[in-house]
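Undergrad: Structure for the following, please:
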Amino acid sequence: MSDTPEGTGDVSLHLPRGAVEVSAEELRARFTRDGYVHLPGVLDRQMVAALSAEMDSTEERTPEPNPLTTGNIRFASNLFYGSTMLRQFLCSDAITHLVRTLVGDGAWVRWDQAVWKHPGAPEFPIHQDNGYNGLEAEHLQLWVALTAMDEHNGGLLVAAGRHEAVFPHEWVGAHATFDAPVTTTALVVAAGDLVLFSSRLPHATTPNSTDRSRLAYVAEILPLDVQDETVPWPHFVAFDGPRTGGWLVEAPSDSVESEDLVLPAPGGGPSRASSWSSRIRRSVATWRRLPGLGVREGDRPSSAGG
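TA: The predicted structure follows:
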C-alpha cells in the first residue's frame, strides 16, 4: 500500500446538495447545448472566504515554478493534495451531484489550481484545455469564482456551442492556442458562482484593466475510465458510485487488490483500505493521449485556465 497525502487543515467545507437548485435535466441540456453552465450564488460568503484563505495558505505539490506565472498573473497548482478542506469541497454533495450528472458515476481529480489576475495582468489566450493536457477524452472543468469577475478584471470569455469542434493548437511561448476565428461572450460572475464547462470549450480570460485583483479556483475532473500517465500516483477519486473521497494507488496490473484503494477514515484518523468497484480495477492501466498536443517534456504546464 502506498502512502497517501496528508491533509493540513481541519476546517470542514461540505457544500450541501441543496446549494444547487438546477435540475439534472436542465443541467445536461444547457451543458450539451452551450458547452458550459453558469450557476450563480452556490457558495455563501463564509465559504468564499474560507476557500480564498485556503488558496493563500496551501502549498503546491511540487516546488517547481509554473511557467504561466509571469508579472501580474500567478498560478498555484495541485493544492488539493495538501488540503483537507479542498478535498472535502470536491467531494461534497453539491459538487458530486453536478459532476455525476455531467461525467457519470465515477470521477477523479486530475489537477487543480488557483489563479490570481492582479491589476495589469494580460489576456490569457483562447484555447481548449485538451490543447494543454493532451488528453483525447472530453472532461470537466469546475471554475469557482472567489471574487467578482467581468470583462474588465480578467473575466472568463467562452465560445458557446463550439465544444463539439477540435481546434489545432500551437505553442506560442508558454501558451497553447489556436488562430481559428470564434465568437466569445464575456461572463459576468459574482463571488460564490460556479461555472462548469467542457474541456473542449474554447475559452480565454481578459486583461485586468482595473485596480481589483481577481481570484478563481479551478479543478479538472475526469471520468474514472480515463487515466493519465503524466499524473503521479496516488490519484484522488472524488466519488465512485455512492462512495466518496478515496485515493487510487498505482497497481502493477489491471487487477487491483483491496488494500491498494485507500479511503480517509472518518474524523481524520488513520486511512483504511476498502474495496472499490471493479470498474476502477479495469481502468487503472488505461489511458489515451492525443498525439501532437499537450505538455512539452520538461517545460510546459499540465493544465491551464487563466
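Undergrad: Please make it C-alpha for all contacts and neighbour counts, starting now.
TA: OK.
Undergrad: Gly245 - nearest residue in space that isn't next to it in sequence?
TA: In space, Gly245 comes closest to Ala238 once its chain neighbours are excluded; the distance is 4.9 Å by CA to CA, 6 or more residues apart in numbering.
Undergrad: measure His152 to Thr177 for me?
TA: As judged by CA to CA, to the nearest Å, His152 and Thr177 stand 21 Å apart.
Undergrad: out of these two, which sits in the busier spot?
TA: Set side by side, His152 and Thr177 show more neighbours around Thr177, with 23 against 17, by other CA atoms under 10 Å.
Undergrad: wouldn't the more buried one be in contact with Glu170 here?
TA: Yes - contact criterion CA atoms under 8 Å: Thr177 and Glu170 qualify, at 5.6 Å.
Undergrad: any chance you could map the helices in this structure?
TA: All helices of the chain, identified by DSSP state H, fall at 24-34, 45-57, 84-90, 93-103, 130-133, 278-283.
Undergrad: ranking those by burial, who's on top?
TA: Mean neighbour count (mean count of other CA atoms under 10 Å) peaks for helix 130-133 among the helices of the chain, with a mean of 26.
Undergrad: Now do that one: which elements does it pack against?
TA: Helices and strands touching helix 130-133, by 3 or more CA pairs under 8 Å, 6 or more residues apart in numbering; DSSP states H and E, are strand 175-177.
Undergrad: Skip the chain neighbours and tell me the closest residue to Trp247.
TA: Closest residue in space to Trp247, ignoring its immediate chain neighbours: Phe236 at 4.7 Å, by CA to CA, 6+ apart.
Undergrad: Next, count neighbours for that neighbour.
TA: By the criterion of other CA under 10 Å, Phe236 has 24 neighbours.
Undergrad: Spit out the contact partners of it.
TA: Listed by CA atoms under 8 Å, 6 or more residues apart in numbering, the contact set of Phe236 reads Trp108, Val109, Arg110, Gly245, Gly246, Trp247, Leu248.
Undergrad: and it, bridged to which residues?
TA: For Phe236, the beta-bridge partners under DSSP bridges are Val109, Trp247.
Undergrad: one step back: out of the helices of the chain, which gets nearest to Gly306?
TA: With CA to CA as the criterion, Gly306 lies closest to helix 130-133 of those, at 12.1 Å.
Undergrad: Val182 contacts Val158, doesn't it?
TA: No - in terms of CA under 8 Å, Val182 does not count as a neighbour of Val158; the distance is 9.3 Å.
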